[in-house]
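Asker: Would you be able to build a 3D model of this:
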Amino acid sequence: MLESLVVFTIFTACAASIPLLYDSTYRVIEAGQAEKKIEWELFVIGLRNDLHSAENWRMEGEKLHYSIVGQENSLVTVSQYNDKIRRQVDRLGHEIMLQNVKSAAIAIEGGRVYVHVTFTNGEKEGAAISPVR
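Answerer: Numbering: from 1, shown residues only. Reported below is the predicted structural model:
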C-alpha cells in the first residue's frame, strides 16, 4: 500500500509539471518570434533611412547599389551573403543587416525598392520602400 502511495505521489508531481513545461516552452518560442520581428523592423528602418539619403538606386544581379548623397564616389551595396543580408561601402566591410536568411529577393520597380525575405525557419517577410518626395 505504501509503495502505491509513493508511485501515485511521483506520478501526480510529474503530471502537475507538464503544464508548467508547456507554458515555459511557449514563452521561449514566443520571445524568439518577437525578437525576429524586431530584427526585421530594424532592418527595414535602416534600409529605408539609407535609401532616403541616397541616389542612383540600381540593381546589379541580385545586389542593390546606391550612392549616399554628399559622399562622393561612395558606392553602397546591399546583398545576401550566406545566411545574412549585408551592407558594404565601396565593396569593403561586412555590416550585417539581417540574419538567418534562407533567401532574399530585392527588386526596383516603379521607383520603389521591394525586399522579400524567407528566413531559415520558413517565415516570410516583405517591404516596399519609396523615395522621399
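Asker: Excluding residues flanking it in the chain, which one is nearest the residue most central in space within the chain?
Answerer: By CA atoms, centre = their mean, the chain has its centre lying nearest to Trp40, at 4.0 Å. Once flanking residues are discounted, Trp40 sits nearest to Glu125: 5.1 Å by CB to CB, 6 or more residues apart in numbering. From N, CA and C alone the C-beta is placed, and that goes for glycine too.
Asker: Val117 is in contact with the one you found, correct?
Answerer: Yes - Glu125 lies in contact with Val117 (CB atoms under 8 Å); the separation is 5.1 Å.
Asker: Need the overlap of contacts for the two.
Answerer: Jointly contacting Glu125 and Val117 under the rule CB atoms under 8 Å, 6 or more residues apart in numbering are Trp40.
Asker: Which one's more surrounded, these two?
Answerer: Taking other CB atoms under 10 Å, Glu125 and Val117 do not tie; Val117 has more neighbours (22 against 19).
Asker: Please identify the helix or strand for the more buried one.
Answerer: Taking DSSP states H and E as the criterion, Val117 maps to strand 112-119.
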